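Peer 1: Sequence plus the predicted model coming up.
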Amino acid sequence: MEAAFADATFPTVIEPDPPAPRQWSRGVPVDVTIEHVVKAFAETPALHDVSLKIEAGELVALLGPSGSGKTTLLRVLAGLEFPTSGRVLFGGEDALGLSVQERHIGFVFQSYALFKSMKVFDNIAFGLTARPARTRPSRAKIRDRVLELLDLVQLTGLENRYPTQLSGGQRQRVALARALAIEPRILLLDEPFGALDAKVRRDLRRWLREIHEQTGHTTVFVTHDQEEAVELADRIVVLNRGKIEQIGSPDEIYDRPASPFVASFIGESSALPVRIEDGRLFLDDRPIEIGATGKDGPRTLVFRPHDVELPGARPGGIAGRIIAERRHGASRRLDVEIGMRRHRIEIDVPANHPRSNKGDRVSVLPTRWWLFDA
Amino acid sequence: MYNDAIAPPLPMTLRPATTERRWVRWALIGVAVLFLLIFLLMPLVIVFFEAFSRGAGYFLESITEKDALAAIRLTLIVAAISVPANLVFGVAAAWAIAKFEFKGKSFLITLIDLPFSVSPVTSGLIYVLIFGAQGWLGPTLQEHGIQIIFAVPGIVLATIFVTFPFVARELIPIMQEQGTRDEEAALSLGASGWRTFFRVTLPNIKWALLYGVLLCNARAMGEFGAVSVVSGKIRGQTNTMPLHVEILYNEYLGVAAFAVASLLALLAMITLAAKTGLEWRYADEIAAQRKH
């Protein structure tokens, strides 16, 4: 029944072969402009005035915790959701006036959404066979294209399998091939590695980066995994509660976080409520000598666990008690409780640092830190 | 080393927590089998036994007699109209409920179940009240020479009402579980709405749809209560098979009644066999669809 249906959808007239091998590739990467997009919602996370410019051929990560609106933004780009207000432009052309089909995007779903009743071949060919007869490539060309894509995603020989007969990583690659088959102007991926185990994730991540370099699509992917975003993306857009917290390269995001949220979401960090008085930094009533200046007022002091030194008896450090110690990768991590209000911070010391006991006093001095208005 | 000699003997009562004692198991199985024999199998056997009690010749005569043939034809016509109608309605209703969010959704789900919960006689009466000679629309219809009650259209309407839930009920859970991801994927790949439905949605629900249609068909042919109210029981014209069985029985033509009844029983068995056969033949595929 399946085969008969597929036959019926092909044109009976064999069209002459065009000279250029990729004559039917409609996908030239475009830039994307998102202007003041607002999405008010009952059940899905909302978006509050999101503006963003994505260059043609760029690989951008939308990073944020669940409920931050990152998937909603992706679905707005795809045309699966419509914003309450705002504009979305693809290469200067208004995209909101276009239906999902007309937007010509490749969308890879979190759960892949492969068509279970179709073989891998038909899954990948779906977007091409679905075209109206006028623009549909010939059967032979569809076949060539599918085989070429199978080769690209390293699944050659699996075209006759059904999706249920594939591993998670293989399904993921079929979903990508299916999206690439229509030569999309933009490639959108929703948590592309979310359902895979750690090892497969790392391999596919590197592989996706290579594919991106080969095909050059404008690519936007959603992730809650900061490691994934940092490793894969040219630029990261950090979202929190429907707002963009920061846009920047992985280095910028990591080294110059725009808010305590970004500092804690990308990489690890500890935050302490401090204040500046007469140009000096205080935690409760004790001064911290890290050379911070500024106008008087409350601040949040943020630093990473490994950006600290232990000044010993030298004054000006943040004094506290060790409450836990554990191995953390190449170093040893200490949980330290500070002051009467029992603030918790985490610091890293070299693995060969003498073991400490619970309750030992320690003085911590951040060597790299950021001060945010509280 | 572990020493077997020291290990204490296991007490005889030791058994997995969910396994019953032997006599409990046999008692439960026995009760179930006995129940099935008395209430399901015995009547079925008796139907066929009685149908042939005066020999095959009488049996054939009973089911090929003029009125019997008319009843069989009408039953087939009614099923041929109401099953496709409910196929379309059922898919549309299940689609609306499973794929969209709207106000009054739970009310709609309850409404779909209404034919199950209301007595078929009541649903038949409703149509009489609406379309009958003394009903709301009766005079208007009569003016235009349209007869619904005591005619085929009334029987079809009543049958559609009674069998409405079968297809929708089968489809709603499976479509809700599947969500809209596959459809979104198809649309994003440029497929039209119709193509998405025929190539993606329909293959995803085909087994549930087939079950629904089989059950719907069995009930459409077997429905008695609602149809008996709207039919008028005009011999050779508005008698369906179940009604014909009743008439024969009331006229003390018991064997002829059983002969026609045996055809209905046969239909039920064919339906069940088809359902089981499909489940058996495509077990892997069905399991794969549910799991994925």
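Peer 2: That came through fine. This structure is a prediction, so every number in the text was calculated from the model and none was measured.
Peer 1: only C-alpha atoms for contact and neighbour calcs from this point on.
Peer 2: Will do.
Peer 1: Show me which residues of stretch A:138-153 are buried.
Peer 2: Buried residues in stretch A:138-153, counted by 16 or more other C-alpha atoms under 10 Å in any protein chain shown: A:138-139, A:141-143, A:145-147, A:149-150, A:153.
Peer 1: Could I get the contacting residues of the closest residue to chain B within chain A?
Peer 2: Residue of chain A nearest chain B, by C-alpha to the nearest C-alpha: A:Gln101 (4.1 Å). If you count contacts by C-alpha atoms under 8 Å, 6 or more residues apart in numbering or on different chains, A:Gln101 has them with B:187-192.
Peer 1: Could you export the helix or strand containing it as PDB, CA atoms only?
Peer 2: Using DSSP states H and E, A:Gln101 maps to helix A:100-103. The C-alpha trace of helix A:100-103 is given here as PDB (Å, rounded to 0.1, in the frame of the first residue of the first chain):
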ATOM      1  CA  VAL A 100       5.200  26.900   7.800                       C
ATOM      2  CA  GLN A 101       5.500  25.300   4.400                       C
ATOM      3  CA  GLU A 102       6.500  28.600   2.700                       C
ATOM      4  CA  ARG A 103       9.200  29.400   5.200                       C
END
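Peer 1: Name the nearest residue to the residue of chain A closest to chain B, sequence neighbours excluded.
Peer 2: B:Gly190 (4.1 Å; C-alpha to C-alpha, 6 or more residues apart in numbering or on different chains).
Peer 1: What is the burial count for the residue in chain B that chain A sits nearest to?
Peer 2: With C-alpha to the nearest C-alpha, the shortest gap between chain B and chain A falls at B:Gly190, namely 4.1 Å. Neighbourhood size, B:Gly190 [other C-alpha atoms under 10 Å in any protein chain shown]: 27.
Peer 1: among the buried residues of stretch A:138-153, which one has the lowest pLDDT?
Peer 2: Within the set of these, pLDDT is lowest for A:Val153 (88).
Peer 1: Is that one in contact with A:Gln172, as I believe?
Peer 2: No - A:Val153 lies out of contact with A:Gln172 (C-alpha atoms under 8 Å); the separation is 9.6 Å.
Peer 1: tell me, which strand in chain A spans the most residues?
Peer 2: Taking DSSP state E as the criterion, chain A has its longest strand at strand A:318-328.
Peer 1: Mind checking what helix or strand follows it in sequence?
Peer 2: Per DSSP H and E, the first helix or strand lying C-terminal to strand A:318-328 is strand A:331-338.
Peer 1: Show me the shaky parts of the chain.
Peer 2: With no chain named, the answer covers chain A. By pLDDT under 70, the weakly predicted segments of chain A are A:1-27, A:42-44.
Peer 1: not what I meant, chain B
Peer 2: By pLDDT under 70, the low-scoring segments of chain B are B:1-15, B:284-292.
Peer 1: Near chain A, which residues of it? Just list them.
Peer 2: B:181-182, B:184-192, B:195, B:200, B:203-204, B:288-289, B:292 (C-alpha under 8 Å from any C-alpha of the partner chain).
Peer 1: Only the buried members of the residues you listed: can you turn that into a ChimeraX selection?
Peer 2: Only the buried members of these enter the following ChimeraX selection, criterion being 16+ other C-alpha under 10 Å:
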select /B:181,182,184,185,186,187,188,189,190,191,192,200,203,204,289
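Peer 1: what ranges do the helices span in the stretch 51-200 of chain B?
Peer 2: Ranges of helices within the stretch 51-200 of chain B are B:55-64, B:66-99, B:105-117, B:120-131, B:138-143, B:152-178, B:181-188, B:193-196, based on DSSP state H, counting those that start in this stretch.
Peer 1: From the contact counts, what lies against the fifth one?
Peer 2: Looking back up the chat, that one is helix B:138-143. Counting by 3 or more C-alpha pairs under 8 Å, 6 or more residues apart in numbering or on different chains; DSSP states H and E, the packing neighbours recorded for helix B:138-143 are helix B:120-131.
Peer 1: what angle do the helix it packs on and helix B:105-117 make?
Peer 2: Using axes from the mean of the first three to the mean of the last three C-alpha atoms, to 10 degrees, one finds that helix B:120-131 and helix B:105-117 are set 110 degrees apart in direction.
Peer 1: any residues touching helix B:120-131, and which ones?
Peer 2: For helix B:120-131, contacts defined as C-alpha under 8 Å, 6+ apart pick out B:115, B:135-138, B:141, B:148-149, B:154, B:158, B:161-162, B:225-230.
Peer 1: buried subset of these?
Peer 2: Among the contacts of helix B:120-131, those scoring as buried are B:115, B:138, B:148-149, B:154, B:158, B:161-162, B:225-230 (criterion: 16+ other C-alpha under 10 Å).
Peer 1: Note down every partner strand of the helix or strand harbouring A:Leu89 and its orientation.
Peer 2: Here A:Leu89, judged by DSSP H and E, is contained in strand A:85-90. Using DSSP bridges, the strands paired with strand A:85-90 in its sheet are strand A:32-39 (antiparallel), strand A:93-94 (antiparallel).
Peer 1: Pull the distance from that strand to the chain's centre.
Peer 2: 21 Å (C-alpha atoms, centre = their mean, to the nearest Å).
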